[in-house]
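Visitor: when you get a sec, could you give me coordinates for this:
(one chain, ligands or ions: 1)
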Amino acid sequence: MKRQTKVPLRSQGDLLKLEEKYCSWGDTVHYSKEPKIFERSQGSFLYDDSGIEYLDLQMWYSAANFGYGNERLNSVLKNQIDKLPQLACQYLHKEKIELATKLCRINEKKFNTKGRVHFSVGGASALEDSMKLIRNATGKNLVFAYFGSYHGRTLEVSSITSSYRYRRCFGHFANRANFLPYPYCFRCFYEKEKETCGMYCVKQFAKLFESEYYSVYDAKAKECEFTAFYIEAVQGTGGYIIPPKDYFKELKKVLDRYHILLVDDEIQMGFYRTGKFWAIENFGITPDIITFGKALTNGLNPLGGIWAKEELISPGVFPPGSTHSTFSSNTLGTAVGLETLNIIEDSDFATSINQKGNYFIQRFKALQKKYPNIGDVNGLGLALRVEICEADGFTPSRELTDKICEIGLSGKLSAQGKKRGLILDIGGYYKNVFTLAPSFYMSNREIDLAIELFEEALVKALKG
Ligand SMILES: Cc1ncc(COP(=O)(O)O)c(C=O)c1O
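Guide: Purely as a prediction, here's the structure:
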């Protein structure tokens, strides 16, 4: 018999007490009043120690798009563990080369542009590498980013993540981005109406370059102080906000005029979350750099990376040793990532994800008619947003949103004759948006179950 690591048998209560004492609280676990321990996962479900099934509508913030326990991905991981589980990143293995090649060829086809891929160990580290790339290529470090942006929480990346809350305790951020309003049309920063605004926000941005006194551009030297604009094509943590179709085309015209690079952060929305391989494809522009992570390995072994246009990343410009981490391009992650791309090749996600997303939206819109507290329902592919408000359908209600979430997590809902839970994720500028990222393999019956559970949680929360 194989020797197993000894895990002491402890009750959930004892484990929680130990966690409280020995685990740092600096991560996000204690956002919740009652942190939860899960035992196993399968498909769209998580299970606690008493076997209660929780339907997961957020799939690890879109890191497990292809379902928990995906057989194809798990078996590739197991094979790789038996074959070449560890290898220092200064040596090569075929999966890394194949994965980079596939990603570059995909982008060549989509954007008609040659480029290269550099791997790293996760989202924030990919963003860090992208910052090195632009500093190296342009000699500048200041960038634009959006209100509501989330690019991670390492020190440098916190400077382009909008919330001051994430910077407040950590001193001065010399490279803090110049943040600008995202096209969040349901709550337009300029209080305009989408139908009649004529892309007012882009016009305001373009205006910054009209006079040196707006502090971004020297017209004599024809140089902008800001070297890149960091975007999320669909804003993730900011509340799954979907810009108007032509928004990025208009923005890109301004960026091109002033030679500002566009960095497209696809860490949450990449790999078909929005019904296309990259979310930016929904908006018809070509970025200079793409950052990716999360779902590439379905959350199995951490892997992130950047794709960049050849002129930014060719060996002559970005030579050996420009950036490195021990675990980047690790054999397990790259093997799984390659299989993820094979799964994408073998599937028709462009059709199925949009069908499932439309069905979800139709069901949520029907709920919206019944409950005025559902202020906005929208989605692109299977990136879905449900905005919870006061009874006027507009004033954000963080309290009601939290209640619904807690009720879902308590595992005390009941549907189809069973005690159940519902896993939701809260985002948005006012923390009143359910940012839903269900598994790509959710069936229509599971979608019906999700709606049933959501309605039950909402009704309970409304009753107080
Ligand atoms: C758009 C975006 N960028 C970057 C990150 C940071 O990725 P990680 O948590 O893997 O560092 C996230 C994480 O949620 C994200 O959503």
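Visitor: and residue 56, backbone torsions?
Guide: Here is the backbone geometry of residue 56 (degrees, to the nearest 10): phi -100, psi 120.
Visitor: so for it, what's the pLDDT?
Guide: With respect to pLDDT, residue 56 has a value of 98.
Visitor: what number of residues lie near it?
Guide: Residue 56 has 27 neighbours, counted by other CB atoms under 10 Å. Yep, even glycine has a C-beta here, placed from its N, CA and C like the rest.
Visitor: how many other residues sit next to the closest residue to it other than its chain neighbours?
Guide: Nearest residue to residue 56, sequence neighbours excluded (CB to CB, 6 or more residues apart in numbering): residue 423, at 4.2 Å. By the measure other CB under 10 Å, the count of residues near residue 423 is 22.
Visitor: ok, now how distant is residue 423 from the ligand?
Guide: As judged by CB to the nearest ligand atom, to the nearest Å, residue 423 and the ligand stand 16 Å apart.
Visitor: name the nearest residue to residue 422, ignoring sequence neighbours.
Guide: Per CB to CB, 6+ apart, closest to residue 422 is residue 408, 3.5 Å.
Visitor: next: residue 257.
Guide: residue 209 (7.6 Å).
Visitor: secondary structure element for that neighbour?
Guide: For residue 209, there is no host helix or strand (DSSP states H and E).
Visitor: got the residues of the stretch 101-250 of the chain near the ligand?
Guide: Within reach of the ligand by CB under 6 Å from any ligand atom, the stretch 101-250 of the chain has these residues: 122, 123, 124, 127, 150, 151, 152, 232, 236, 237.
Visitor: mind running it again at 8 Å?
Guide: For the stretch 101-250 of the chain, the contact set with the ligand under CB under 8 Å from any ligand atom comprises 122-127, 149-154, 157, 232, 236-237.
Visitor: domain ranges for the chain?
Guide: As given by automatic domain parsing, the domain ranges for the chain are 12-69+349-463, 74-346.
Visitor: using a markdown table, lay out those domains together with distance to residue 6.
Guide: Formatted as a markdown table, the domains of the chain follow (distance: least, CB to CB, whole Å):
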| stretch | distance to residue 6 |
| --- | --- |
| domain 12-69+349-463 | 15 |
| domain 74-346 | 21 |
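Visitor: which helices and strands sit right next to the helix or strand hosting residue 334?
Guide: Taking DSSP H and E as the definition, residue 334 sits inside helix 331-346. Applying 3 or more CB pairs under 8 Å, 6 or more residues apart in numbering; DSSP states H and E, we find helix 331-346 packed against helix 71-83, helix 94-111.
Visitor: and the residue of the chain nearest the ligand?
Guide: Nearest residue of the chain to the ligand, counting by CB to the nearest ligand atom: residue 123, 1.9 Å away.
Visitor: what about that residue, neighbour count?
Guide: 27.
Visitor: again with residue 41
Guide: Residue 41: 18 surrounding residues under other CB under 10 Å.
Visitor: now do the SS call for it.
Guide: Of the three states, residue 41 takes strand under DSSP: H, G, I helix; E, B strand; the rest coil.
Visitor: helices and strands around the helix or strand just after the helix holding residue 334, which ones?
Guide: Next in sequence after helix 331-346, counting helices and strands by DSSP H and E, comes helix 349-370. Secondary-structure packing of helix 349-370 (3+ CB pairs under 8 Å, 6+ apart): strand 374-380, strand 383-388, helix 444-463.
Visitor: now these in CSV, with mean pLDDT, distance to the ligand and mean neighbour count?
Guide: CSV is the format used below for the helices and strands packed on helix 349-370 (pLDDT from 0 to 100; distance: least, CB to the nearest ligand atom, whole Å; neighbours: other CB atoms under 10 Å):
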stretch, mean pLDDT, distance to the ligand, mean neighbour count
strand 374-380, 98, 15, 21
strand 383-388, 98, 11, 26
helix 444-463, 98, 22, 18
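Visitor: would you turn the ones you listed into a markdown table with distance to residue 109?
Guide: A markdown table is the format used below for the helices and strands packed on helix 349-370 (distance: least, CB to CB, whole Å):
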| stretch | distance to residue 109 |
| --- | --- |
| strand 374-380 | 21 |
| strand 383-388 | 23 |
| helix 444-463 | 32 |
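Visitor: quick one: closest of these to residue 21.
Guide: Among the helices and strands packed on helix 349-370, the nearest to residue 21 by CB to CB is helix 444-463 (31.6 Å).
Visitor: so what's residue 209 up against?
Guide: Neighbouring residues of residue 209 by CB atoms under 8 Å, 6 or more residues apart in numbering: 216, 217, 219, 224, 254, 257, 258.
Visitor: before we move on, back to that, now the helix or strand where the residue nearest to residue 422 lies: average pLDDT?
Guide: Per DSSP H and E, residue 408 falls inside helix 398-409. Regarding helix 398-409, the rounded mean pLDDT is 97.
Visitor: which other residues reach it?
Guide: Outside helix 398-409, the residues within contact range by CB under 8 Å, 6+ apart are 32-34, 36, 54, 373, 388, 390, 413, 421-424, 426, 430-434, 453-454, 457-458, 460-462.
Visitor: swap in stretch 448-463?
Guide: Stretch 448-463 is contacted from outside by 55, 57, 360, 363-364, 367, 371, 373-374, 386, 400, 403-404, 407-408, 413-416, 420, 422, 424, 438, 442, using CB under 8 Å, 6+ apart.
Visitor: weed out the non-buried ones from those residues.
Guide: Buried subset of the contacts of stretch 448-463 (neighbour count, 16 or more other CB atoms under 10 Å): 55, 57, 360, 363-364, 367, 373-374, 386, 400, 403-404, 407-408, 413, 415, 420, 422, 424, 438, 442.
Visitor: spit out the contact partners of residue 265.
Guide: By CB under 8 Å, 6+ apart, the residues touching residue 265 are 127, 151, 230, 231, 232, 291.
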